[in-house]
Every structure is written in C-alpha cells, then in structure tokens.
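Peer 1: Following is a predicted model, sequence given first.
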Amino acid sequence: MSDILDELRRNLQKWQNSGKSSGSSGGKILPYVIVILVLVILVANSIYSIDEKEVGVVTRFGRFHGNRKAGLHFKVPIMDRLYRVPQTTQSLAFGYRTTNAGIQSQFSKEDYSHESTMLTGDLNIIQQSFAIQYIITGPKDWLFSVDSAPVLAANRRGLLDNRIKTIRDVCISVVNHYVGNNYAEDVQEKGRELIAEPARLEINKILRERVNLGVTLQNLNLNQVVYNDLVQKAIEDVNAAEQDRDRLINEGQEAYNKEIPKVRGQAEQTVLQAEGAVARFNALYTQYRENPEIFRQRYYYETMEKVLQDSGGKLTIVDKDLENFLPIKNLAPAIIGPQVQ
C-alpha cells in the first residue's frame with residue numbers, strides 16, 4: 001500500500017509541475033491521468049504468479065482467505081495480502097553446520113556440541129550428531145500457528161526464527177530421550193532401528209498434535225557416535241580384544257577341523273575292525289562247538305606252520321628224552337674233515 005501511495009505522489013508532483021508550465025489545459029487533463037495511473041498501479045499489483053516450488057497463502061483483512069497453487073492469480077488490492085511458502089525439502093543439522101556442501105563438504109568451526117552431547121542408558125556421554133529433512137505440509141499452520149518472531153538461539157549466539165527453534169528443540173529432546181533408553185554400543189550399532197525411525201515418528205506426532213506447526217519430517221539420519229578420549233581408548237581396547245578372541249576361535253576351529261575328523265575316522269575304523277573280529281570269532285566258535293577236535297588239530301597245524309616259517313629253516317627237532325639218537329648236532333665238514341671219494 002505504501003508503494004502505491006509513493007508512486008501516486010511522485011506522479012502527482014510530476015503532473016503538477018507540467019501543468020504549471022503548460023497552463024490551464026494541463027490542469028484539466030491532470031485528474032484523468034491520475035486516475036489512469038492509479039488503475040494501472042492497482043491492476044499491476046493485483047496480478048501475481050506462484051512458482052511450482054511454492055504455495056501462496058492469501059489473507060483478506062488479516063484473516064486467512066485461501067491457498068494458491070502454481071500459476072497466475074488475482075488478489076483484491078489493499079484488502080488481500082500474499083505470503084509465499086516454499087514446498088521444497090528443508091534441512092537442519094544438529095551438532096554441526098555445513099558451510100559448503102559438496103563432494104568434500106566444509107563444516108563450520110563453531111562449537112555446536114550442546115546439540116549433540118547426550119547421556120546413554122549405561123551412563124556414557126557421547127556426541128550423537130544428526131540431521132533432518134522436512135517439508136512444510138501445512139502452509140496455513142506454518143504461517144499462523146506459531147509466532148515467527150526472531151528469538152535467541154540455544155547457544156545464545158544470534159537470533160533464530162521461533163518456528164525453526166521449535167523444530168530444533170523438539171528434535172533434540174526426542175533424540176535425547178531415545179538415546180537415554182539404550183546402551184552406547186546399541187546406539188552405535190543399531191541407531192537406525194532403535195533411534196532414528198522411532199524418533200522421527202515421535203517428532204512428527206508432537207509437531208502435528210501438540211505444536212500444530214504444519215511440518216512433516218521425511219528423514220532423520222544419525223551420524224557416527226563420537227566418544228571422549230578415555231572412552232574411545234577403552235572401546236578400541238575392547239575391539240582389539242574381540243578381534244583376538246575371534247582369531248583364537250578361528251584357529252581353534254581350524255585345528256578342530258583338521259584333527260577331529262581324522263581321529264573320528266580312525267575310531268570308526270577300529271570299531272569296524274573289532275566288530276569284524278567279533279563276528280569272525282562268533283562264527284568260528286559256533287563251528288568249534290560242533291567239531292572241537294577238528295578245530296584243535298587245525299589250529300595245531302596252523303600254529304606249527306607259523307613257527308617253522310618264523311625259524312628261517314634253522315630249527316632242529318630232537319627227542320626231549322634223548323632216546324632215539326645221539327644228541328650230535330650239525331657235524332660240519334670242517335670238523336670231520338674232507339670226505340675221500
């Protein structure tokens with residue numbers, strides 16, 4: 001409205017100056033020119049366009065009148081006011097700030113650890129930074145449900161839109177709650193299942209039902225957990241011990257796989273041999289009971305055959321009572337002398 005009045009004043013001053021110079025004819029034309037200029041300015045300010053990446057919110061005499069989608073639209077001069085609300089995905093980082101996003105992103109050196117310092121369920125203090133992506137799904141609520149006046153940021157450095165501060169406070173509170181209900185190791189290894197997704201749903205519920213901010217979180221991504229120096233050293237020691245444990249288990253399993261199957265094979269072979277020997281003995285015993293004398297003679301002959309074979313042909317058999325012949329053994333030719341033909 002002030003722009004229209006300023007434009008009218010400038011044009012009025014211009015035509016007054018020209019009227020004074022041109023005489024009475026200029027004074028008669030001046031009112032018509034002013035009316036035409038006012039109409040042109042009003043029409044020009046009444047037609048507007050909405051981009052595809054935004055939605056327009058129109059108020060009439062300060063009250064909500066309606067939303068406007070992409071395209072050309074008309075508003076009533078003076079009575080209507082237009083607000084443009086972006087519909088693209090917005091991002092917020094917690095515990096850090098990105099100054100230059102890209103393949104090798106650059107981060108602010110300012111300390112934002114107050115946003116990411118959290119206490120776990122096993123009383124470990126960790127740095128759990130994270131980021132969210134959200135979209136404004138309720139333009140009317142975004143504009144009018146929460147005061148958008150600048151407020152002091154959490155770190156008391158600079159001012160922040162109260163709506164953004166509300167989102168930050170809710171996110172930090174909910175993520176702290178879920179981190180506090182889990183052990184540090186679980187936060188590090190299962191953060192997405194235990195924290196990220198449940199926290200996102202909880203934040204959306206709070207923003208929708210309690211705050212009515214017109215915002216929906218699409219993603220909540222947790223970064224790597226960072227410990228202080230003493231805790232980090234202890235974790236590294238635990239990891240080294242776990243690696244040694246796994247190595248020793250693997251070596252023991254390898255030795256087990258190498259020796260146990262072999263011993264089991266030998267045991268099975270011994271059992272089979274014993275079972276075969278038992279089966280043979282049982283078969284022979286059955287036959288022995290039927291013809292014991294035949295088996296005695298057979299085993300006697302077999303035993304003697306084995307004894308004679310083991311002697312190497314040097315066995316001498318004599319009568320133990322020395323009744324059949326003289327006990328002269330192996331009278332070699334070297335002793336008796338050469339025989340005369």
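Peer 2: Structure's in. What do you need?
Peer 1: Kindly confirm my reading that K140 forms part of a strand.
Peer 2: No. K140 is assigned helix when assessed by DSSP: H, G, I helix; E, B strand; the rest coil, not a strand.
Peer 1: Can you get me a residue count around it?
Peer 2: Neighbourhood size, K140 [other CB atoms under 10 Å]: 16. (Each C-beta comes from the backbone N, C-alpha and C, glycine too.)
Peer 1: what about it, distance to Y134?
Peer 2: 17 Å (CB to CB, to the nearest Å).
Peer 1: do the same with R81
Peer 2: For R81, the distance to Y134 - CB to CB - is 26 Å.
Peer 1: try L159
Peer 2: For L159, the distance to Y134 - CB to CB - is 21 Å.
Peer 1: neighbour-wise, which of these two wins?
Peer 2: Ranked by neighbour count (other CB under 10 Å), L159 and Y134 place Y134 first, with 22 against 11.
Peer 1: helices or strands up against the longest helix along the chain?
Peer 2: Identified as the longest helix of the chain according to DSSP state H is helix 229-290. With contacts defined as 3 or more CB pairs under 8 Å, 6 or more residues apart in numbering; DSSP states H and E, helix 229-290 has these neighbours: helix 292-310.
Peer 1: What helices and strands are in contact with the helix it packs on?
Peer 2: Helix 292-310 packs on helix 229-290, going by 3+ CB pairs under 8 Å, 6+ apart.
Peer 1: Run the angle between the helix it packs on and helix 292-310 for me.
Peer 2: In terms of direction (axes from the mean of the first three to the mean of the last three CA atoms, to 10 degrees), helix 229-290 departs from helix 292-310 by 120 degrees.
Peer 1: taking the mean pLDDT, what do you get for stretch 166-173?
Peer 2: Across stretch 166-173, the average pLDDT comes to 94.
Peer 1: Please spell out which residues along it are buried.
Peer 2: When burial is assessed from 16 or more other CB atoms under 10 Å, stretch 166-173 yields the following buried residues: T166, I167, R168, V170, C171, I172.
Peer 1: How about stretch 126-145?
Peer 2: 126-132, 134, 136, 138-144.
Peer 1: Which single one of those is nearest to D246?
Peer 2: If you rank the buried residues of stretch 126-145 by distance to D246 using CB to CB, I126 comes first, at 25.3 Å.
Peer 1: For that closest one, give the beta-bridge partners.
Peer 2: In this structure, I126 bridges to M118, Y227 when assessed by DSSP bridges.
Peer 1: can you tell me how far Y299 sits from A153?
Peer 2: Distance from Y299 to A153, by CB to CB: 108 Å.
Peer 1: same deal with E254?
Peer 2: Counting by CB to CB, the gap from E254 to A153 is 59 Å.
Peer 1: same question, K140
Peer 2: 26 Å.
Peer 1: And for N250?
Peer 2: In terms of CB to CB, N250 sits 53 Å off from A153.
Peer 1: Neighbour count for these two, which is higher?
Peer 2: A153 (14 against 10).
Peer 1: Could you double-check that the more buried one sits in contact with I164?
Peer 2: No. Taking CB atoms under 8 Å as the definition, A153 is not a contact partner of I164, at 9.3 Å.
Peer 1: nearest spatial neighbour of the spatially most central residue of the chain, skipping sequence neighbours?
Peer 2: Most central in the chain under CA atoms, centre = their mean is R192, positioned 5.9 Å from the mean C-alpha point. Leaving aside its sequence neighbours, R192 sits nearest to L222 (CB to CB, 6 or more residues apart in numbering; 6.8 Å).
Peer 1: Next: V58.
Peer 2: Counting by CB to CB, 6+ apart, the residue nearest V58 is H65, at 4.5 Å.
Peer 1: Confirm the one you found sits in a strand?
Peer 2: Yes. Counting by three-state DSSP, one finds H65 located in a strand.
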